[in-house]
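# here's a sequence, model it:
(4 chains)
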Amino acid sequence: MSFVEYSEEIRDGDMAIVYQGHESMMPVKVRHGAQTQTRYGAIRHSADLIGKRYGAKVTCSKGGWVYVLHPTPELWTVTLPHRTQILYTTDIATITLMLELKPGSVVCESGTGSGSLSHAILRTIAPTGHLHTVEFHQQRAQKAEEEFAEHRVDHLVTVTNADVCEDGFGVTGVADAVFLDIPAPWEAVRHAKAALKAHGGRMCSFSPCMEQVQRTRQALLAANFEELSTLEVVLRVHEVRSVSMPLPDFGPDAEAPPDRGAAPLRTTTPPREMPAHTGYLTFAAKPRDRRL
Amino acid sequence: MSFVEYSEEIRDGDMAIVYQGHESMMPVKVRHGAQTQTRYGAIRHSADLIGKRYGAKVTCSKGGWVYVLHPTPELWTVTLPHRTQILYTTDIATITLMLELKPGSVVCESGTGSGSLSHAILRTIAPTGHLHTVEFHQQRAQKAEEEFAEHRVDHLVTVTNADVCEDGFGVTGVADAVFLDIPAPWEAVRHAKAALKAHGGRMCSFSPCMEQVQRTRQALLAANFEELSTLEVVLRVHEVRSVSMPLPDFGPDAEAPPDRGAAPLRTTTPPREMPAHTGYLTFAAKPRDRRL
Amino acid sequence: MADGGDDDSPYKINEGDYVMLKRGEIYKAVQIQSKKKVVFEKQWFFLDNAVGDLYSTTFEIVSGGQLQPVKPKDEASAASDTKEVGTDNRNIMDDGKSQKLTRDDIETLKEQGLKGQEIIQKLIDNSSTFRDKTEYAQDKYIKKKKKKYENTVTILKPTCRIMALMYHGREPGKICHLRYDTLAQMLTLANVHAGSKVLVFETCAGLVLGAVMERMGGYGSVIQMYPGGGPVRAGVENFGFPAHFHDTLHDFPICHVNALLAGTLDTSPKDPDTGEEAPHPDVAAEAQPKMEDTPDDSENVETNASGEPGTDDDRQRSKDAKAQLKRAKQEERRKKLAAAAAQLEGMNADGLVIASRFHPCPVLMCLLRFLSPSRPFVVYSQYKEPLVECFTKLKEQGGTVNLRLTDTWLRHYQVLPNRTHPMLLMSGGGGYLLSGITVETDHSRQANSEEPAPKKQKVTEEPAAKKQKVTES
Amino acid sequence: MADGGDDDSPYKINEGDYVMLKRGEIYKAVQIQSKKKVVFEKQWFFLDNAVGDLYSTTFEIVSGGQLQPVKPKDEASAASDTKEVGTDNRNIMDDGKSQKLTRDDIETLKEQGLKGQEIIQKLIDNSSTFRDKTEYAQDKYIKKKKKKYENTVTILKPTCRIMALMYHGREPGKICHLRYDTLAQMLTLANVHAGSKVLVFETCAGLVLGAVMERMGGYGSVIQMYPGGGPVRAGVENFGFPAHFHDTLHDFPICHVNALLAGTLDTSPKDPDTGEEAPHPDVAAEAQPKMEDTPDDSENVETNASGEPGTDDDRQRSKDAKAQLKRAKQEERRKKLAAAAAQLEGMNADGLVIASRFHPCPVLMCLLRFLSPSRPFVVYSQYKEPLVECFTKLKEQGGTVNLRLTDTWLRHYQVLPNRTHPMLLMSGGGGYLLSGITVETDHSRQANSEEPAPKKQKVTEEPAAKKQKVTES
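Prediction:
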């Protein structure tokens, strides 16, 4: 198992996702002799996990059962321990496409946060790309580094504990793409520009508030970034349902046969409440340096 | 015919809506002896309209036919001559409910613009309410006044040609609700407050840009308005369609009978492009004056 | 102010008034009744003290459940004052020691008479992490604490806006998940206004009926077409309309619609003294509510309930009285039915509003017949599919134009200095609307003939929407 | 810059390159071919001069359709510079005299060699009403004029982002109206990445296939499952992938899927010299494109077209050559089929991506069988209803978890001083996605058994969504 390569079989030391239901998954570090409590009872790693195939159904001690899934960045995003607000898959997907990430891309990111986006970036740029991720908070930087190692992607990433607004990304002219998720992105725009390749590249800034977007765009224009574009993607989940609508009774009708009872119907309903806003995504392109 | 009272029959002097298709309607002033050109040929008012029932199908000179509809504020909104950007039914409906308009309400409005909202307000506050509408542009104010007379709602409305930011609504302590659709609504907030009843009332400001909303809300808070709420309503139209999705051919299958051809399907599709933004609606309540 | 001489009386809270209680975004409809205990947001209190005070007053709930008007300054202390926001949470370490106040401390503050908002401010002041929390986390914190410690309530005059907000927030299931902005569209699309004659078919606890009545202002007439044993409209009560509004309200059971259309509905008076129990099966049928059709009736139990204790004598007397009462009621019902039937028989209604848990297609197709030509109708459904069916059927049958199937996206905004963004949560959906306008039907009716233009049949898979002009911008 | 020594060569435009032309928001994919006339936005020109220049360069189209690089300053002159906006239009009177420049004036300016952007600025300067127009009207005006007078074009290296934007903007019908943000979701939800084995079934002109290949970076393998006579993927060409990418691409006709699953597909080699025309009906079937299945093929005509003139001798010779070529091609096809079949036979694909005009339900149910357990799949459809059917079928059948039916709302913003608001127009819809993960199927399979929890059946009409936690905020 690694976050950038599928395996067939669960092995000692893997990180696996225990699926107990749509809204109930948890990450488990697989260790010989260890046990994990699920809502349906315990699972013993040696007997129930190691050597089994990913996707297997595992019966727990209380008789219930769970599935054990291969980790993906997307499953990690919904199960990871939150150390900060995190980016979710809808935004991550948009960022990945709009930054044109692919195998071999060199990416700079700040802040690392809980590593939700980092894992998705690593998945996409492997096996030949590299991620330089900068985190202000010392403990979070350290924790991220540990997780990258556990998830066997540490060869693809450099974690730096620094203030990106002060110190930049620690690299110059190497990045194809830069991503900012920090409170004052405008303070890091010059560092983003420096980190990007001389031939140009793309950047994205994620901000919850419109004022942050406005200041960041000013800084981007001042730094000669081009093709500025601010957008927002809102996910709607449709719940599939069977409903039955009763038919009205208008009384006896000579012309038409009575049409009573109920009409069954397959439809979808939206959740009663849904996330309406995570943040604005502002994209920009750095043109190639003049000198070239 | 009047915009606040239905009639059965088309009469000389009425304003009627000629319906040529979903996206093709036009207002017609009915006059003895007059003619109107439609895309299906001419209709003669004396023979084809006067005395007919609203909703009637009228055959035009070229053999095609149209329907003649009773005017409503909603049909007026999609057929009126644009002298300005106008408010559309989705926003109008929201404004009407959120301002708690009903028969008897006294309302102040600025600017009158092309009168799209004014007609909807008049419909709702008739027969006992009153609309004070203020328009900066002299010709537009005059044109609106003419239209109100033609539409037989002039007894319910006072049109003033003035700059509401300078001069206010010309009335004090009488309004249940105030509506602003002007470039700098913050300059009119004090006038809105003065126009509202001492016992309190509600107001709404429509602005396309967020900066206008921000300044207006500051002015509203400074004027002790309460329950500020900014919202946006976006209409989606669903086109009903029958489609047919071809079934794939996986080749001969011993187990299952071949399932070729196409599956018919009734569905809806959104328009390729749709209006995403008209403006932000900011609502606020004026509390009752302290003295009481 | 010029009109300082305003008379306060229309704004005074009176015994017997239907009012709305409000705290934050939570509403509840109640009637002002002397010494009646009211439960709102898990607190109980009495409304007696509010009588004579003005509407829109905010009260503090003090000891013994009494209400005490809050001074305007307290009222204005909004949660936004308390916030000094951290733009990120990079400095937060959760050590479980962030709150310096203990539970005992808080109890002491309460005993000292501190009000809810003051206690919340204390909690914030004594939280070492609050300032560093992200705004989202701060909001969540304040909301949680508010729920726990606030104890004010504002009394409002009911309006359609507030009723719609209340039902949508508290009991969306009772109103078929009809969102307030969708209700707003309905009232406008149906051109509901004073002086017209509007048909309403709803199973939304009376919210839609009440909304229509508010817009009619007591002028014209509203005919509620109801399914099952009796009209359900607890919500209408809560609007607190003046008595004369109810004179304009008729109701008609849909189980008689076919008879009415066939001309076989007999509503002529019978001699009430013959004692015949059920002179007309039609009319009597009404007397027995069909339980399967009225699952929404639960609100109505108070008016029906009558299992009070009494002596045997009492019971005999009441039995006689009941029989007489029953006859009188039957006669009243008959008269009402006749009046409603008379309203319908002209087939000249000015508007039709449908919002129910029933399949809208048969309802719409049947009730459309009661409209004059050139009149708007609007049908709400929580689901899109049944309205697609209505749309298709109407296109086949003709007799309507300007058909539109729509829904709306409602987004609220937070507008605060440097913190402007859409609210983080929104309603997932407000339901769907089908609207249109009736036209005269041909004598020689053709399928698909309702559109004036001799249009080409669409055969491609391309959305026709491509050709459609954007009309709303 | 530290890496000033960068080699320009990977960024140079070469003869034969597939490139993207860009003007404003308009894109077009073309190949750089010597002396080939290109038509873009109603202008024709030659790309010859671009060869040797760097990607992302903007060119002016000068006389004779030649390209001439634009100096960086010109490039930066954005439309926003030209705007000085009126916040309302209360002062506009339309007298038809607002533009002071005559048609002749404009022709003169052109002859003087003024560039498009300069002419537009002149038009604006000479419009008496422009400043007073609302922003919306100004935008419309500039867009119209730009279309008429601008004559620059930027040459870009193709990427998935640009291809997706191009197809969505120009020919959404060819890609089943798949919007770029929806494509983005698909690639992420299917966990497409280097080194995996991904099945793709698409009728999106190759856009989806190309997008998957870009994300694989030439590592692993992609198997295109195609309907009809041959794989349609004009779009893949336009990505301009290096040659080795194509080694990882396999294709397999779905009409052999049942045979493959039944173990009856014969892909063993035949003696090419026997001259047998169609040794295997299976394989030969492929040779005849089924026209009814390939309406999207119109893009392909260039590669198929071969109606060139020639002498009779030429024709005879070419006939022989053709026969030989045909045999060679058949053998090649057989080998390819065998290779693709070998990839599929392990039933161990790592991902499945479906986006087609076919009904997704039979496609999904069939192709899911080729996936390993614990692998993601994602199905796109322009319509929601067929995905509801897929969802229901999967729930009945088991073998998948984490099913989600979603769509996205995409909103672009205008962010300008004092003029910040969502764009006035947006895409009406980006289509729907159904995604999920495969799991091991039970030996004793039960209906509805794919969810771990022994859940209670839902019987009420209340949306289950009520209980669902919001996971995305």
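
# list the beta-bridge partners for the nearest residue to residue A:277 once chain neighbours are set aside.
Leaving out its chain neighbours, the residue that sits closest to residue A:277 by C-beta to C-beta, 6 or more residues apart in numbering or on different chains is residue C:422, at 4.0 Å. In this view, the C-beta of every residue, glycine as well, is placed from N, C-alpha and C. Here residue C:422 shows beta-bridge partners residue C:413, assigned using DSSP bridges.

# so what's residue A:28 up against?
By C-beta atoms under 8 Å, 6 or more residues apart in numbering or on different chains, residue A:28 lies in contact with A:15, A:16, A:17, A:18, A:36, A:45, A:49, A:68.

# I meant residue C:165, not that one.
Applying C-beta under 8 Å, 6+ apart to residue C:165 gives the contacts C:25, C:27, C:180.

# now do residue C:36
Listed by C-beta under 8 Å, 6+ apart, the contact partners of residue C:36 are C:46, C:47.

# quick one, grab the pLDDT at it.
pLDDT recorded at residue C:36 is 95.

# same question, the one 3 residues further on
With respect to pLDDT, residue C:39 has a value of 94.

# helix/strand/coil for it?
Using DSSP: H, G, I helix; E, B strand; the rest coil, the secondary structure recorded for residue C:39 is strand.

# please name the nearest non-neighbouring residue to the residue of chain A at minimum distance from chain B.
With C-beta to the nearest C-beta as the measure, residue A:210 is the residue of chain A nearest to chain B, at 6.0 Å. Nearest residue to residue A:210 in three dimensions, chain neighbours excluded: residue C:420, at 4.5 Å (C-beta to C-beta, 6+ apart).

# could you check the pLDDT of that neighbour?
pLDDT, residue C:420: 97.

# export the contacts of residue C:165 to CSV and tack on distance to residue C:413, neighbour count and secondary structure?
Converted to CSV, those look like this (distance: C-beta to C-beta, whole Å; neighbours: other C-beta atoms under 10 Å in any protein chain shown; DSSP: H, G, I helix; E, B strand; the rest coil):
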residue, distance to residue C:413, neighbour count, secondary structure
C:25, 15, 10, coil
C:27, 21, 22, strand
C:180, 16, 26, helix
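
# looking at those residues, spot the one nearest chain B.
When the contacts of residue C:165 are ranked by distance to chain B (C-beta to the nearest C-beta), residue C:180 comes first, at 6.7 Å.

# I figured the closest one hits residue C:161, correct?
Yes: taking contact to mean C-beta atoms under 8 Å, the distance of 7.0 Å between residue C:180 and residue C:161 places them in contact.

# quick one, what contacts residue A:7?
A:1, A:14, A:54, A:70.

# got it, and residue A:115?
Going by C-beta under 8 Å, 6+ apart, the list of residues near residue A:115 reads A:80, A:144, A:147, A:148.

# got phi/psi on residue C:400?
Here is the backbone geometry of residue C:400 (degrees, to the nearest 10): phi -140, psi 150.

# leaving out chain neighbours, which residue sits closest to it?
Sequence neighbours aside, residue C:436 is the residue nearest to residue C:400 in space, at 4.4 Å (criterion: C-beta to C-beta, 6+ apart).

# what of residue A:132?
Closest residue to residue A:132 apart from its sequence neighbours, by C-beta to C-beta, 6+ apart: residue A:108 at 4.7 Å.

# mind listing the strands in the stretch 1-150 of chain A by residue range?
Counting by DSSP state E, counting those that start in this stretch, residue ranges of the strands within the stretch 1-150 of chain A are A:15-21, A:24-29, A:35-38, A:41-44, A:57-59, A:65-69, A:106-110, A:130-135.

# could those go into a markdown table alongside distance to residue D:207 and mean pLDDT?
Putting these into a markdown table (distance: least, C-beta to C-beta, whole Å; pLDDT from 0 to 100) gives the following:
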| stretch | distance to residue D:207 | mean pLDDT |
| --- | --- | --- |
| strand A:15-21 | 31 | 95 |
| strand A:24-29 | 32 | 96 |
| strand A:35-38 | 42 | 95 |
| strand A:41-44 | 43 | 95 |
| strand A:57-59 | 37 | 95 |
| strand A:65-69 | 29 | 96 |
| strand A:106-110 | 24 | 98 |
| strand A:130-135 | 27 | 98 |
